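Trainee: Structure of the sequence below:
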Amino acid sequence: MHLYKTTYILVALLFVNTLFAQTKKDVLFIGNSYTYVNDLPQLISQIASSKGDTLLFDSNTPGGYTFQLHSTNPTTINKINLKHWDYVVLQEQSQRPSFSPEQVQLLVYPYADTLNRFIKTNDSCTVTSFFMTWGRKNGDAEYCPTYPPVCTYNGMQSRLRQSYLEMGQMFDANVSPVGIVWKKTRDLHPEIELYDSDESHPSLAGSYLAACTFYSSFFNKSPVGAYIPSGLDINYAQIIQNYANQVVFDSLNEWNIDTTSINASYIYSSLQNGRVEFTNTSRNATDFLWNFGDGQTSSEINPVHTYQFCGTTYIVRLNAYNNCKSDSIIKEILIPCYGIDEIIGENKVNIFPNPANNQVCINFTDTFSDIYFSFALYDGIGRQIMFTELKKNNSIINIPKLQSGIYFIQIIIDGLIINQKIHIIQDN
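Mentor: Next up is the predicted model:
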């Protein structure tokens, strides 16, 4: 458990409704030359920085190393235990996962299991991420005589895909589908040379492809428009960015990429006498901490808070979290010196549908002498958005396109003021 209920110090922000924090990830790379050639971790870090994020990393990537060697390597084990990592990337020796299923079960899976256990023992919240590598340019000539499926690039790539996806399933781990992006790029744009001269290691374009794929896998964001290293053709880089984006986000479940990131969010409506109703719209959180900006806090899901002073702006922060993750959002809230009663005269009029989209219907359930009535729509803090006068028998009212949220309808007829709360939801 790394997240604790703490008191958060709020800094007043003028003219800002919401503060978005930069996303930071701590990542350890365990692998070999496929990772250290062209300094893949640094490439990912540069992409992240260009997109407003931060990647802090460490690595242990001796040439030719296998999971088996890493599983007893003191440097690898010490680095795993060094700190809390958001991700630990495991990259097997380039050939082993393409061997026959029987050999992979003997030579790969047991040591992947050992490394994954080290990772989870150090921190149960760390995500193990398997680096799905690519087939050699013309297949694996060394093992072709003993296992024909690896005699071609396509055969070798198919076995790599199968083995890495099986590891993701077995160890409930993330799989970064670099090999799939590689295949798509190679098949559709063979003019982009992804291989170094040895037909195995990545060229700069190949490492950039891996970096874009990892960026999307780590941050759940598109690499389109990201940093492009000097020496890489811009048009090629843009093709790679788009393919990485497509492959990762078209099959998140297949790659077991985390889709449960917390998103802190709320809406609010201001009622009378300084009362504010907060509606929590956060995703994937189990616990909440509200700081209302006046020295008061709450851990309720949907609190109602009363402020002492009207005409004052407060900075309200919601922190949403679970055992492993957290997110927060800050908004400025102006407490008006007026308000709208939540429901007055509800038995005299029927307003529907609720929630509504772009129309509401008014049906008077009581007898009124006036032929006309006035209709007003207010936002959550009492600002008038719409006002019109209509005949009683004109029951359908078109309302302007608004952001989804809580609003108030006010009807005046026969000198009676009728207020009702309505939830407006916009179609995507």
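Trainee: The closest residue to residue 123 other than its chain neighbours: how many residues sit nearby?
Mentor: Leaving aside its sequence neighbours, residue 123 sits nearest to residue 84 (CB to CB, 6 or more residues apart in numbering; 5.1 Å). To be clear about C-beta, it is placed using only N, CA and C from the backbone, and glycine gets the same treatment. Neighbourhood size, residue 84 [other CB atoms under 10 Å]: 11.
Trainee: Name all residues that make contact with residue 84.
Mentor: When contacts are counted by CB atoms under 8 Å, 6 or more residues apart in numbering, residue 84 is found next to 2, 26, 123, 125-126.
Trainee: and what of residue 384?
Mentor: Neighbour list for residue 384: 376-378 [criterion: CB under 8 Å, 6+ apart].
Trainee: Redo the contacts of residue 84 as TSV? Include neighbour count and distance to residue 319.
Mentor: Compiled in TSV, the contacts of residue 84 are given as follows (neighbours: other CB atoms under 10 Å; distance: CB to CB, whole Å):
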residue	neighbour count	distance to residue 319
2	12	14
26	17	20
123	17	21
125	16	17
126	22	22
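Trainee: would JSON lines of these with pLDDT and distance to residue 220 be doable?
Mentor: Formatted as JSON lines, the entries for these read as follows, by pLDDT from 0 to 100; distance: CB to CB, whole Å:
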{"residue": "2", "pLDDT": "40", "distance to residue 220": "20"}
{"residue": "26", "pLDDT": "96", "distance to residue 220": "16"}
{"residue": "123", "pLDDT": "94", "distance to residue 220": "20"}
{"residue": "125", "pLDDT": "91", "distance to residue 220": "16"}
{"residue": "126", "pLDDT": "94", "distance to residue 220": "17"}
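Trainee: doesn't residue 90 make contact with residue 67?
Mentor: Yes - judged on CB atoms under 8 Å, residue 67 makes contact with residue 90 at a distance of 6.9 Å.
Trainee: Does anything pack onto the helix or strand where residue 254 lies? Which helices or strands?
Mentor: Counting by DSSP states H and E, the element that carries residue 254 is helix 252-255. Of the remaining helices and strands, those touching helix 252-255 by 3 or more CB pairs under 8 Å, 6 or more residues apart in numbering; DSSP states H and E are strand 174-176.
Trainee: Not counting its own residues, what contacts the strand it packs on?
Mentor: Residues outside strand 174-176 that contact it (CB under 8 Å, 6+ apart): 87, 89, 127-132, 164-165, 167-168, 210, 213-214, 217, 255-258.
Trainee: ok, and for it, which residues are buried?
Mentor: Neighbour-count burial for strand 174-176 flags 174-176 (criterion: 16 or more other CB atoms under 10 Å).
Trainee: do the same with stretch 226-233
Mentor: Of the residues in stretch 226-233, 226-229, 232 count as buried by neighbour count, 16+ other CB under 10 Å.
Trainee: Identify, from the residues you listed, the entry nearest to residue 284.
Mentor: Ranked by distance to residue 284 (CB to CB), the buried residues of stretch 226-233 are led by residue 226 at 25.9 Å.
Trainee: Let's verify residue 114: helix, strand, or coil?
Mentor: Three-state assignment for residue 114 (DSSP: H, G, I helix; E, B strand; the rest coil): helix.
Trainee: was I right about residue 363 contacting residue 350?
Mentor: Yes - in terms of CB under 8 Å, residue 363 counts as a neighbour of residue 350; the distance is 4.2 Å.
Trainee: who's more crowded, the two?
Mentor: The residue with more neighbours, out of residue 363 and residue 350 and counting by other CB under 10 Å, is residue 350; that gives 14 against 10.
Trainee: quick one, phi/psi of the more buried one?
Mentor: The phi/psi pair for residue 350 (degrees, to the nearest 10) reads phi -120, psi 120.
Trainee: tell me the strands in the stretch 201-350 of the chain, going along the chain?
Mentor: With DSSP state E, counting those that start in this stretch as the criterion, the stretch 201-350 of the chain has strands at 266-270, 275-280, 287-291, 297-298, 304-306, 312-321, 326-335, 343-344, 349-352.
Trainee: and residue 31, which of those strands is closest to it?
Mentor: strand 326-335 (29.5 Å).
Trainee: and that closest one, which residues are buried?
Mentor: Neighbour counts using 16+ other CB under 10 Å place 326-333, 335 of strand 326-335 among the buried residues.
Trainee: low-scoring stretches of the stretch 151-300 of the chain, by residue?
Mentor: Regions of the stretch 151-300 of the chain meeting the criterion pLDDT under 70 cover residues 259-260.
Trainee: Out of the contacts of residue 384, the closest to residue 140 would be?
Mentor: The shortest separation between residue 140 and any of the contacts of residue 384 is 68.5 Å, and it belongs to residue 377 (by CB to CB).
Trainee: Run a quick neighbour tally on residue 234.
Mentor: Residue 234: 8 neighbours (other CB under 10 Å).
Trainee: wait, it sits on residue 228?
Mentor: Yes - judged on CB under 8 Å, residue 234 makes contact with residue 228 at a distance of 5.9 Å.
Trainee: Quickly find the element holding residue 418.
Mentor: Going by DSSP H and E, residue 418 is in strand 416-424.
Trainee: show me what contacts residue 296?
Mentor: Each residue near residue 296 by CB under 8 Å, 6+ apart is listed here: residue 305.
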